[in-house]
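Undergrad: below is the sequence, then the predicted model.
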Amino acid sequence: MLPKAEAAYFAIADISGYTNFLAAVELDHAQDIIADFMDAVVKALRPPFRLAKFEGDAAFVYTTAETIDGSLLQDAIEGAYFKFRRRLRSVSQASACECRACVAMGDLDFKFVVHHGEMVKQKMGGREELAGRDVILVHRLLKNTVCDKVGGCAYALYSDAAIRAMGVDPVAQDLIAHHETIGIIGDVTLWVRDLEAAWQQDDAQRRMEVTRADAHAMLEFDIAAPRQRVWEFLTVPGQWQQWWDADTIVEESGKGRRGVGTKNHCMHGNHTVVEELLDWHPADYFTVGIALPVPDAPRIVMTRAVLDGPDGTTHLELRLAKPKPKDRAFVDGALAKYAERMTRAIAGLRSMLEGKQPASDAMEEPALTRSSGRFLTDPVKSGAPR
């Protein structure tokens, strides 16, 4: 049988400055450095992407998901770049080695090319290979003139086909329009994100994470599903609404991209709860300010942290910031109701992600007493790990 064509998103993470770096430094240290940085980037891209193969100074990844949230895909690309920059900074600060490779590693950078199209999978030499016109195109797009346009070689280059498949507005998101002429393919419309500028903005952003040590109260759950999957169901309105008891969830993000300042309006009958993103670190944690539909109610600040659990599971922590003394009674009362609702909702989420029906007692048991959904009014004093 002939291989069947599949729609897919393709991405290539390519190391900028690779050739000059290898030519000028000690090979043994250079390869260790390259492998370390590439490993950090590929791990950050999975999921939503899976590795097709390493190609020398690049990693070729793809996903065949029928639909993918545009904000999530861009978060994956930029998150991978941010992981590289943090890794580069930490290695540079920790290294006492003065060899040429360690001194010159600051000249390395990453660029990403993303495209959407069709492919076929073929067995060649005992390996699965991706083939097709669009596979060729995404590789050809690595040779471009983007560095001249953005003044550096740290960028994400999206084909117009990828932008349209994601359903995002590139102009509203401040992407830079670009064009390239690719051999037998012709003129290609592209959109550029300057990753150096994005990194500077992210690095300068004020952190507003409620830590375990600082939390006034905390609710914890273990979910037998991958962390990225749990993150999607916590943050994408269409998936969030499948398990949370809101009639509708309306996202207002301004530029069509989730981040600091995005507001979610959760409508429960005649009442609306508004959550504003105060800090955003996909897919690790996000912090929200919650406005309740109660006159003179204080704003409640909560961090929702998505952590790796054992054997591919996810540990979810909902950490409540300390309220002002005058607001504590109100916040504790609201939190008790929220904990019960969240415990019931997480039972439904578990049934969706774990592929099994929730037990009746798990649906009815209050969160204050659940061993798998612990409500801690003082997480440090109660002996919970930090």
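TA: Received, thanks. Numbering: from 1, shown residues only.

Undergrad: next one: Val103 from Ser92, what distance?
TA: Val103 is 10 Å from Ser92, where distance means CB to CB, to the nearest Å. Quick note: C-beta positions are derived from backbone N, CA and C, even for glycine.

Undergrad: scratch that, Asn20 is what I was asking about
TA: Distance from Asn20 to Ser92, by CB to CB: 18 Å.

Undergrad: check Arg100 too.
TA: 14 Å.

Undergrad: neighbouring strands - and their directions - for whichever strand or helix holds Met267?
TA: In the assignment (DSSP states H and E), Met267 maps to strand 263-268. Using DSSP bridges, strand 263-268 pairs in its sheet with strand 248-252 (antiparallel), strand 271-281 (antiparallel).

Undergrad: contacting residues around the first one?
TA: Which is strand 248-252. Residues outside strand 248-252 that contact it (CB atoms under 8 Å, 6 or more residues apart in numbering): Pro237, Trp240, Gln241, Arg258, Thr262, Lys263, Asn264, His265, Cys266, Met267.

Undergrad: buried ones in the longest helix anywhere in the chain, by neighbour count?
TA: Counting by DSSP state H, the longest helix found in the chain is helix 328-354. By neighbour count on 16 or more other CB atoms under 10 Å, the buried set for helix 328-354 is 330-331, 334-335, 338-340, 342-351, 353.

Undergrad: and if you look at stretch 128-142?
TA: Within stretch 128-142, the residues scored as buried using 16+ other CB under 10 Å are Leu130, Gly132, Asp134, Val135, Leu137, Val138, His139, Arg140, Leu141.

Undergrad: quick one on the thing from earlier: rank the strands paired with strand 263-268 by pLDDT, which is bottom?
TA: Of all those, mean pLDDT reaches its minimum on strand 248-252 (a mean of 84).

Undergrad: extract the CA atoms of that strand and return them as PDB.
TA: Only the C-alpha atoms of strand 248-252 are listed here, as PDB (Å, rounded to 0.1, in the frame of the first residue of the first chain):
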ATOM      1  CA  THR A 248     -19.100  29.700  29.300                       C
ATOM      2  CA  ILE A 249     -15.500  30.900  29.600                       C
ATOM      3  CA  VAL A 250     -14.600  33.900  27.500                       C
ATOM      4  CA  GLU A 251     -11.000  34.800  27.000                       C
ATOM      5  CA  GLU A 252      -9.900  38.400  26.400                       C
END
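
Undergrad: name the residues of that strand that are buried.
TA: In terms of neighbour count (16+ other CB under 10 Å), strand 248-252 has its buried residues at Ile249, Glu251.

Undergrad: so how far is that strand off the chain centroid?
TA: Offset of strand 248-252 from its chain centre (CA atoms, centre = their mean, to the nearest Å): 20 Å.

Undergrad: tell me where the stretch 1-150 of the chain has helices.
TA: For the stretch 1-150 of the chain, the helices defined by DSSP state H, counting those that start in this stretch cover 18-24, 27-45, 70-94, 100-104, 133-140, 146-150.

Undergrad: what ranges of this structure fall below the confidence cut-off?
TA: Counting by pLDDT under 70, the chain shows low-confidence ranges at 1-2, 26, 95-97, 254, 356-386.

Undergrad: of the strands paired with strand 263-268, which is nearest Leu219?
TA: When those are compared by CB to CB, strand 271-281 sits nearest Leu219, at 15.8 Å.

Undergrad: which outside residues touch the closest one?
TA: 205-209, 246, 258-266, 285-293, 301, 303.

Undergrad: filter the residues you listed to the buried ones?
TA: Buried residues within the contacts of strand 271-281, counting neighbours by 16+ other CB under 10 Å: 208-209, 246, 258-260, 262-266, 285-292, 301, 303.

Undergrad: quick one: which two of the contacts of strand 248-252 are the most distant?
TA: Using CB to CB, these span at most 18.6 Å, a distance reached by Arg258 and Met267.

Undergrad: tell me, how many residues neighbour the residue nearest to Leu320 when sequence neighbours are not counted?
TA: Spatial nearest neighbour of Leu320, chain neighbours left out: Ala217 (4.5 Å); criterion: CB to CB, 6 or more residues apart in numbering. Counted with other CB atoms under 10 Å, the neighbours of Ala217 add up to 22.
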